[in-house]
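quick one, what's the 3D model for this:
(2 chains)
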Amino acid sequence: MLILECPYCGVKAEETELSPGYEAHLKRFGPGSSPEEFEAYMFARKNPKGVHFERWRHTYGCGKWFLAARCTATLEVFGTYPAQVSEPPADIIAKIQARRPDWKGYK
Amino acid sequence: MSDPVSALNGASFQGFATIREIGPLGMITLRAKGLKSLDKAIKAVTGTRVPAPRRIEIKGDHACGWMSPDEYLLILPYAEVGEAMGKLAKALAGEHHLAVDVSDARAVFRIEGDKADQVLRKLMPVDFDRLEPGELRRSRAAQVAAAIWQQDQGFTLVCFRSVASYVMGLLTHSAQPGSEL
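Residues are numbered from 1 along each chain as shown, chains lettered A, B, ... in the order given. Model prediction:
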């Protein structure tokens, strides 16, 4: 069971109160971009075994979208943070680096 | 004018806790964030302070609950809703907000008795041991969205009117005598 703390309302919500939003920090390529860029934006996902950044929505609670950093192999949650950022906050990165010294960064 | 009718016409059930459908209850959803006149507007309608995150401020039959960072639920007697909408519009004039009368879109239940929490423990993914007095918890009851808070030795549960009979069924089944935790 995955338990994520909603950064907006502070509820430690379990998975069934949330909706998944898949990979976080995608850069959108829309009109004017090359077909390769658009294809990559549309279809190419990381699907890593290990550290992963995801979007989640607190559907049954406050209804807000937030982002979470977790490990897909162990289900360890490194932290959650509000969605109004374009890259993971420094404290989350530091926490992941402390727990996973060989992690290569989120890019 | 026609009389307002609650979703289940005041249905009730006596198990190891008492389940009552109450209402009609006046409810206004107010969406607003960081407004200058917000505390004044809420005070004018419910007579309470602006609630802290995840809290509900109760004053008699009026209350104001925190639903999300930009949403409040104002609870008041059904007959006062029209007047309250006017007060809100006046107090928040010129500021970006949305106030909607949702009284007829919701159903409200009371779960009362010493073991009222057990009825809900079976239905909601909520840690009731850590639920604080004055906390409004939005979550789900089995398959549908619901919000609960503690009030007067029991719980008040709010859900959508369209699922009122489903929720009544859940609560009734959960409160069956002999099924205490």
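
at the contact with chain B, which residues of chain A appear?
Counting by CB under 8 Å from any CB of the partner chain, chain A comes close to chain B at A:8-14, A:16-17, A:59-64. Where C-beta positions appear, they are placed from N, C-alpha and C, glycine not excepted.

residue in chain A with the shortest distance to chain B?
With CB to the nearest CB, the shortest gap between chain A and chain B falls at residue A:62, namely 3.5 Å.

residue of chain B closest to chain A, please.
Proximity of chain B to chain A (CB to the nearest CB) peaks at residue B:68, 3.5 Å away.

show the contacting residues for the nearest residue to that residue once chain neighbours are set aside.
Spatially, and ignoring its direct neighbours in sequence, residue B:68 is nearest to residue A:62 (3.5 Å; CB to CB, 6 or more residues apart in numbering or on different chains). Residue A:62 is in contact with A:6, A:8-9, A:11, B:67-69, B:71, B:138, counting by CB atoms under 8 Å, 6 or more residues apart in numbering or on different chains.

and residue A:62, which of the three is it?
Per DSSP: H, G, I helix; E, B strand; the rest coil, the secondary structure class of residue A:62 is coil.

tell me the pLDDT of it.
Residue A:62 is assigned 94 on the pLDDT scale.

now residue B:1
For residue B:1, the model assigns a pLDDT of 61.

now residue A:93, what's its secondary structure?
Relying on three-state DSSP, one would call residue A:93 helix.

one step back: beta partners for the residue of chain B closest to chain A?
Residues in a beta bridge with residue B:68, per DSSP bridges, are residue B:71.

name the SS class of the residue nearest to the spatial centre of chain B, please.
The centroid of chain B falls nearest to residue B:158 when counting by CA atoms, centre = their mean (4.4 Å). Following three-state DSSP, residue B:158 is assigned to strand.

which residues of chain B score low on pLDDT?
Where chain B drops to pLDDT under 70, the residues are B:1.

if we can go back for a sec, the residue nearest to the centre of chain B pairs with what?
residue B:108, residue B:147.

can you show me the strands along chain B?
Applying DSSP state E to chain B gives strands spanning B:12-14, B:18-22, B:25-31, B:56-59, B:62-68, B:71-77, B:98-101, B:106-112, B:136-141, B:144-150, B:154-160.

can you put those strands in a markdown table and add distance to residue A:35?
Compiled in a markdown table, these are given as follows (distance: least, CB to CB, whole Å):
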| stretch | distance to residue A:35 |
| --- | --- |
| strand B:12-14 | 62 |
| strand B:18-22 | 58 |
| strand B:25-31 | 41 |
| strand B:56-59 | 53 |
| strand B:62-68 | 40 |
| strand B:71-77 | 41 |
| strand B:98-101 | 41 |
| strand B:106-112 | 49 |
| strand B:136-141 | 42 |
| strand B:144-150 | 41 |
| strand B:154-160 | 44 |
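
nearest to residue A:92, of the ones you listed?
Closest to residue A:92 of those is strand B:62-68 (CB to CB; 22.9 Å).

for stretch B:154-174, how far is the first residue from the last?
End-to-end distance of stretch B:154-174 (CA to CA, to the nearest Å): 15 Å.

any idea how far it is from the middle of the chain?
Remark: stretch B:154-174 is offset 12 Å from the chain centroid, using CA atoms, centre = their mean, to the nearest Å.

how about stretch B:59-77?
8 Å.

that one: which residues count as buried?
Using 16 or more other CB atoms under 10 Å in any protein chain shown as the test for burial, stretch B:59-77 gives B:62-68, B:70-76.

repeat for stretch B:163-177
In stretch B:163-177, counting by 16+ other CB under 10 Å, buried: B:163-164, B:166-168, B:170-172, B:174-175.

residue A:66 is in contact with the residue of chain B closest to chain A, correct?
No - at 11.9 Å, residue B:68 does not count as touching residue A:66 under the criterion of CB atoms under 8 Å.

fine by me, thanks again.
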